[in-house]
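> Provided below are the primary sequence and the corresponding predicted coordinates.
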Amino acid sequence: MLFRSPNVARMELQTAEGPVSVVNVYNPCGRRPRIQTWERIEKALDEAEGEIILLGDFNAHHPTWGGDHVETERQAEHLLRETQRRGLHLITPKGEATWKRGPRESVIDLTFVTENIKRRVIRCKPRDSWAITLDHIPIDIQLSMRSHPKPPCKRYATKKLN
């Protein structure tokens, strides 16, 4: 973990194509005009290496990701404006619920990526079958990227065993 603060964490993955920074967010519910955790998100993004994946529970509703029937919240407008300004693209499928409780559902778990990552997306979709509890639905994100080969394990001296 390279960056960690309350509600925001960043880690860096080393791929054959270069570094990918993953910024994971929990933004508490609220009626403020800005995303509450934006300062921490901004710091994590500013320190990020290479390509970026910004994802998490943003607790913000907007027609762009929730569907035409969803009312726009000010925090969501702020999030959309700031991610667009940074060249991040939403890959969360529009209108596919990422949170469900009883008859209520919404799209609040979002994934934004840089252009190069966007071109490599194979899948970004909620997977109900992965849910442990009955509210947030895990998101299956698959990318077409090569990883570095795993180095041989040098932890055990098996050749020295009798």
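Arrived safely.
> quick check: A97 touching R127?
No: judged on C-beta atoms under 8 Å, A97 makes no contact with R127 at a distance of 11.8 Å. All C-beta atoms are positioned from the backbone trio N, CA, C, and that covers glycine.
> need the residues touching each of the two.
Common contact partners of A97 and R127 (C-beta atoms under 8 Å, 6 or more residues apart in numbering): I137.
> neighbour count winner among those two?
Taking neighbours as other C-beta atoms under 10 Å, A97 and R127 compare with A97 leading, 17 against 11.
> excluding covalently adjacent residues, which one is nearest to the more buried one?
Distance criterion C-beta to C-beta, 6 or more residues apart in numbering; nearest residue to A97, sequence neighbours excluded, is E105 at 3.8 Å.
> and the strand or helix carrying the one you found, which strands flank it?
Using DSSP states H and E, E105 falls within strand 104-106. Take DSSP bridges as the rule and strand 104-106 pairs in its sheet with strand 99-101 (antiparallel).
> which stretches in the protein count as strands?
3-5, 8-15, 18-26, 51-57, 89-90, 99-101, 104-106, 109-113, 121-126, 139-143 (DSSP state E).
> mean confidence for the longest one?
Spelled out, it's strand 18-26. The average pLDDT within strand 18-26 is 96.
> what do you get for the last one?
Mean pLDDT, computed over strand 139-143, is 95.
> starting from that strand, tell me which strands it pairs with and how they run.
Note on strand 139-143: by DSSP bridges, its sheet partners are strand 121-126 (antiparallel).
> burial of G67, as a residue count?
G67 has 15 neighbours, counted by other C-beta under 10 Å.
> show me where this structure dips below the pLDDT cut-off.
Residue ranges of the chain with pLDDT under 70: 1-3, 153-162.
> contacts for the longest helix along it next, please.
Ranked by residue count, the top helix of the chain under DSSP state H comes out as helix 74-85. For helix 74-85, the external contacting residues (C-beta under 8 Å, 6+ apart) are 27, 30-36, 38, 42, 54, 58-62, 64, 90, 110, 112.
> equivalent analysis for stretch 88-104, please.
Stretch 88-104 has contacts (C-beta under 8 Å, 6+ apart) with 52, 54, 64-67, 83, 105-115, 118, 121, 124-126, 134-137, 139, 141.
> buried ones among these?
Among these, those scoring as buried are 52, 54, 64-66, 83, 105-114, 118, 124, 126, 136-137, 139, 141 (criterion: 16 or more other C-beta atoms under 10 Å).
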